[in-house]
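Novice: sequence and predicted structure are below.
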Amino acid sequence: MSKKSAGLIMYRLRNGGIEVLLVHPGGPFWAGRDEGSWSIPKGEFRDDEEPLDAARREFREEIGFEAAGPFIELKPVKQKGGKTVMAWACRGDLDPALFKSNTFTVEWPPRSGKIAVFPEVDAVQWFPLKVARTKIIQAQEGLLDELASLLKEPRAQR
């Protein structure tokens with residue numbers, strides 16, 4: 001069975017354009033990576049959980065803020081590893097400097113027997129659509145395209 005995630009793409013209108021809120025994953029694997037490594041706040045969910053409820057929960061867990069609707073359902077995208085990402089857009093405006101992420105534990109360095117704790121998200125930032133396209137994981141670019149289309153902004157080319 002393929003994995004599935006649910007997430008929110010928060011947007012705001014600034015300087016005549018759309019800005020989106022993206023998160024940078026924490027932990028040693030993503031350290032030092034920038035372009036092509038940012039994501040919408042998202043996470044896996046159980047079969048008995050409503051995807052939109054999961055998306056709102058993940059947003060709260062990853063950045064410490066509640067997102068309010070209305071929520072606009074976007075077409076799911078499939079990531080390289082086969083995971084399907086279901087997403088909803090919502091308008092909002094929050095200060096990324098105030099984010100607070102949950103944490104996870106992992107053996108680090110590998111095979112060392114040492115357990116390390118890392119934030120699930122180590123950075124949160126607003127990006128204009130054009131910049132967001134260079135930052136976001138490639139498979140999630142379709143979410144930006146659909147959002148731009150829904151909000152009537154020309155597709156931001158890379």
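Specialist: Received the coordinates, thanks.
Novice: next one, pLDDT for E153 please.
Specialist: Confidence at E153, expressed as pLDDT, is 64.
Novice: what's the biggest strand in this structure, counting residues?
Specialist: Ranked by residue count under DSSP state E, the longest strand found in the chain is strand 4-14.
Novice: what's the first helix or strand after it?
Specialist: strand 17-25 (DSSP states H and E).
Novice: got the buried residues for that following strand?
Specialist: Going by neighbour count (16 or more other C-beta atoms under 10 Å), the buried part of strand 17-25 is I18, E19, V20, L21, L22, V23, H24, P25. Glycine gets a C-beta too; all of them are placed from N, C-alpha and C.
Novice: you'd agree the fourth one is up against P96?
Specialist: Yes: in this structure, L21 sits in contact with P96. The criterion is C-beta atoms under 8 Å, and the distance is 7.2 Å.
Novice: list the residues that contact both of those two?
Specialist: Residues touching both L21 and P96 (C-beta atoms under 8 Å, 6 or more residues apart in numbering) are V124, Q125, W126.
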